[in-house]
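Peer 1: I need the structure of the sequence given here:
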Amino acid sequence: MSSPASAPPGASLLEVADLLRHRGPALVLTGAGMSTESGIPDYRGPDGSRRVTPMSHQEFTASGDNRQRYWARSFIGWQRFTAAEPNVGHRAVTALQRAGAFGHVITQNVDGLHQRAGTGDVTELHGSLEEVVCLTCGERADRDLVQAFMADANPGFATAVLGHVPDGSQVSSQIRPDGDIVLPDEAVRAFTAPRCLVCRADTLKPDVVFFGGSVPKERVDLCFALTDAAPILVVLGSSLKVMSGYRFVRRAAAHGIPIVVITKGPTRGDAETTHRIDAPLGVTLSALAADFSHAQTA
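Peer 2: Down below sits the predicted model:
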């Protein structure tokens, strides 16, 4: 097995471009690092250690107080979260897909930025923040509608909490990949959490897989089938610390499928990786897309 991490980034990129040109289109797996250049920080620091701990599925379902805390924080974070725009890396993925280098995209992100950048054939492994589901009756609602209900029920809340955020930014350095932020308990206690319009239960939940939750089996099976059929697996912006993504790397390795990883810092899948580039995603993917564009016009 090669160790491209020690090779110059340019040489490694040429190797990856050659691999994609001869064996693509690749199946792509993206993680939170894909969206950091859009202003949505990763959960983990450069060394792969967890920087923040998100609310778990078990916490969310355990009590109404926990759900109130989640929704108060998410209510504030939503405005900044939805203001995030696709970055150059997202656009490069779209360009590489259109050039035939990339195929289906499995994303662990819940921000919808791949689709907004024009990427097609996207499977959202962990769901999407754009929908809300009632855990009691199963009713679904658009997140913007729920946001409007919360705004009506909590007039002045956003202004009131501005001075409570430790860094004074309200959301900027606090935003997380799931749209959550940090708020003090005294601010949370004043918040009225949303209720289901059908059954009136306080069990509304964003339709995403929280930490400790399970990805629906049919979605996992689809991604396994995509992995089994892939000529190459390309991992972008993921430390692979979470098994929900790492299992596809293990599956690809077991089938002898080349695995390309482009991200900053170490990953859990380094032992299975055949081509490794430790570099920022935006500039690296843009260079890769430019290489394919040049080849097509030459």
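Peer 1: shaky segments in the stretch 101-250 of the chain?
Peer 2: Counting by pLDDT under 70, the stretch 101-250 of the chain contains low-confidence residues at 162-182.
Peer 1: Surely Gln118 is in a strand?
Peer 2: Residue 118: Gly, not Gln. No. With DSSP: H, G, I helix; E, B strand; the rest coil as the criterion, Gly118 is coil rather than part of a strand.
Peer 1: That one touches Leu96, doesn't it?
Peer 2: No. Here Gly118 does not reach Leu96: they are 11.7 Å apart, not a contact under CB atoms under 8 Å. Yep, even glycine has a C-beta here, placed from its N, CA and C like the rest.
Peer 1: higher neighbour count, these two?
Peer 2: The neighbour comparison of Gly118 against Leu96 (other CB atoms under 10 Å) goes to Leu96, with 27 against 14.
Peer 1: element containing that one?
Peer 2: Here Leu96 sits within helix 88-98, counting by DSSP states H and E.
Peer 1: Direction included, what does the following helix or strand past that helix pair up with?
Peer 2: Counting by DSSP H and E, the next helix or strand C-terminal to helix 88-98 is strand 102-107. Sheet pairing of strand 102-107 (DSSP bridges) gives strand 26-30 (parallel), strand 122-124 (parallel).
Peer 1: quick one: which of these is nearest Tyr246?
Peer 2: Relative to Tyr246, the nearest member of the strands paired with strand 102-107 by CB to CB is strand 26-30, separated by 9.5 Å.
Peer 1: Can you identify the element that follows the closest one toward the C-terminus?
Peer 2: Beyond strand 26-30 on the C-terminal side, the first helix or strand identified by DSSP H and E is helix 57-62.
Peer 1: That next one - contacts with which helices or strands?
Peer 2: Here helix 57-62 touches helix 64-83, going by 3 or more CB pairs under 8 Å, 6 or more residues apart in numbering; DSSP states H and E.
Peer 1: For the helix it packs on, buried residues please.
Peer 2: Neighbour-count burial for helix 64-83 flags 67-78, 80-81 (criterion: 16 or more other CB atoms under 10 Å).
Peer 1: Between the residues you listed, which sits nearest Glu124?
Peer 2: Phe81 (15.2 Å).
Peer 1: Now do stretch 130-150: distance from first to last residue.
Peer 2: End-to-end span of stretch 130-150 (CA to CA, to the nearest Å): 15 Å.
Peer 1: nope, stretch 96-103 is what I was after
Peer 2: Taking CA to CA, stretch 96-103 runs 9 Å from one end to the other.
Peer 1: Any buried residues in that stretch, and which?
Peer 2: 96-99, 101-103.
Peer 1: So for the protein, the centremost residue is which one?
Peer 2: By CA atoms, centre = their mean, the mean C-alpha position of the chain lies nearest to Asn109, the distance being 1.7 Å.
Peer 1: which residues touch the helix or strand harbouring Val261?
Peer 2: For Val261, the element it lies in under DSSP H and E is strand 259-263. Contact with strand 259-263 is made by 16, 19, 26, 31, 33, 232-240, 249, 252-253, 267, 269-270, 272-279, 281, 284-285, as judged by CB atoms under 8 Å, 6 or more residues apart in numbering.
Peer 1: Pretty sure Leu129 sits in a helix.
Peer 2: No. When classified by three-state DSSP, Leu129 is found to be strand rather than part of a helix.
Peer 1: isn't it right up against Val208?
Peer 2: Yes. With contact defined as CB under 8 Å, Leu129 and Val208 form a contacting pair (5.9 Å).
Peer 1: before we move on, back to that, got the contact list for the residue nearest to the centre of the chain?
Peer 2: 30-32, 34-35, 124, 126, 177.
Peer 1: And Ser35, by the same measure?
Peer 2: By CB under 8 Å, 6+ apart, the contact list for Ser35 reads 84, 87, 90, 109, 111, 113, 177, 237.
Peer 1: Could you rerun that using 10 Å?
Peer 2: 41-42, 84, 86-87, 89-90, 107, 109-111, 113-114, 177, 237, 281 (CB atoms under 10 Å, 6 or more residues apart in numbering).
Peer 1: just Ala84 next, same as before
Peer 2: Contact analysis of Ala84 by CB under 10 Å, 6+ apart lists 35, 37-40, 111-113, 116, 175, 179.
Peer 1: Go again with 8 Å.
Peer 2: 35, 38-40, 111, 113.
Peer 1: Disregarding residues adjacent in the polypeptide, which is nearest to it?
Peer 2: Spatial nearest neighbour of Ala84, chain neighbours left out: Ser38 (4.4 Å); criterion: CB to CB, 6 or more residues apart in numbering.
Peer 1: neighbours around the one you found, how many?
Peer 2: Using other CB under 10 Å, Ser38 has 21 other residues around it.
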